[in-house]
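A.B. asks: 3D model of this:
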Amino acid sequence: MLAPPTDRPVRRALFVDRDGTLNPDLHYLKEAERIELFRGVGRALLLAREHGYLVVCVTNQSGIGRGHYSHDDVRRMHARLNERLAAEGAAIDAFYYCPHTPEEQCRCRKPATGLFEDARRDWNIDFAGSAVVGDRALDAEAGHRLGLLTALVGRPGHAELLAAELAERATPVDILAGAFESAVARILARG
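C.D. replies: Residues are numbered from 1 along each chain as shown. Here you go, the predicted structure:
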């Protein structure tokens, strides 16, 4: 295996899920103008970037494979998300998404790790110094497979479903929080 190029610094990343983590999951949302952020997301991402984290969104978007929306629709959603974050001085540095349905059993749909590995290659990311925040057991499962610090957000009304998913999949989680901002603060407190 070749060593990483010396002219690219090794980075640590905060990997974040999108729907249900950064914004409400509106089930196959197609209209970019409808995207809203959960309270505190912008502040948390800004703080993570100030602490030297690259912010990378890794999201399953099976709505493409199911014909609900297109790749262009997803790109518009991501641009709109960054517009909303810019109003708070924050941004997502890179977006990676899987367009496949679960039945396709691809290498990129979480809990598979393909998108994370693509980001590592593209950005020279050190997984050992990185973390993932999501709202589903599959986010933690992917992170655990890669040695990332894992954090899940179990909002009111979602916490019971999350607990059941974690038990069913026997997925270990390092941090459970009630809000995205709390999860990020606890990650940053670990150094």
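A.B. asks: what's the burial count for Asp25?
C.D. replies: By the measure other Cβ atoms under 10 Å, the count of residues near Asp25 is 14. C-beta here means a position set from N, CA and C on the backbone, and glycine is covered the same way.
A.B. asks: nearest residue to it in space, please, no chain neighbours.
C.D. replies: Once flanking residues are discounted, Asp25 sits nearest to Asp19: 4.0 Å by Cβ to Cβ, 6 or more residues apart in numbering.
A.B. asks: run a quick neighbour tally on the one you found.
C.D. replies: Taking other Cβ under 10 Å as the neighbour definition, Asp19 ends up with a count of 21.
A.B. asks: and it, how far from Gly157?
C.D. replies: Here the distance between Asp19 and Gly157 works out to 15 Å (Cβ to Cβ, to the nearest Å).
A.B. asks: so who does the residue nearest to Asp25 touch?
C.D. replies: Residues near Asp19 by Cβ atoms under 8 Å, 6 or more residues apart in numbering: Asp25, Leu26, Leu29, Thr59.
A.B. asks: just flag the most distant two among the residues you listed.
C.D. replies: In the contacts of Asp19, two members sit farther apart than any others by Cβ to Cβ. They are Leu26 and Thr59, at 13.5 Å.
A.B. asks: what about these two, which has more around it?
C.D. replies: Under the neighbour definition other Cβ under 10 Å, Leu26 and Thr59 were set side by side, and Thr59 has more, 22 against 13.
A.B. asks: element containing that one?
C.D. replies: strand 53-60 (DSSP states H and E).
A.B. asks: neighbouring strands - and their directions - for that strand?
C.D. replies: For strand 53-60, the pairing partners within the sheet under DSSP bridges are strand 12-16 (parallel), strand 94-98 (parallel).
A.B. asks: list the contacts of the first one.
C.D. replies: For strand 12-16, contacts defined as Cβ under 8 Å, 6+ apart pick out 22, 45, 48, 52-58, 92, 116, 119, 123, 125-126, 129-134, 143, 148, 184, 187.
A.B. asks: then the last one?
C.D. replies: Among residues not part of strand 94-98, those counted as contacts by Cβ under 8 Å, 6+ apart are 54-62, 74, 78, 106, 108-110, 114-116, 118-119, 122-123.
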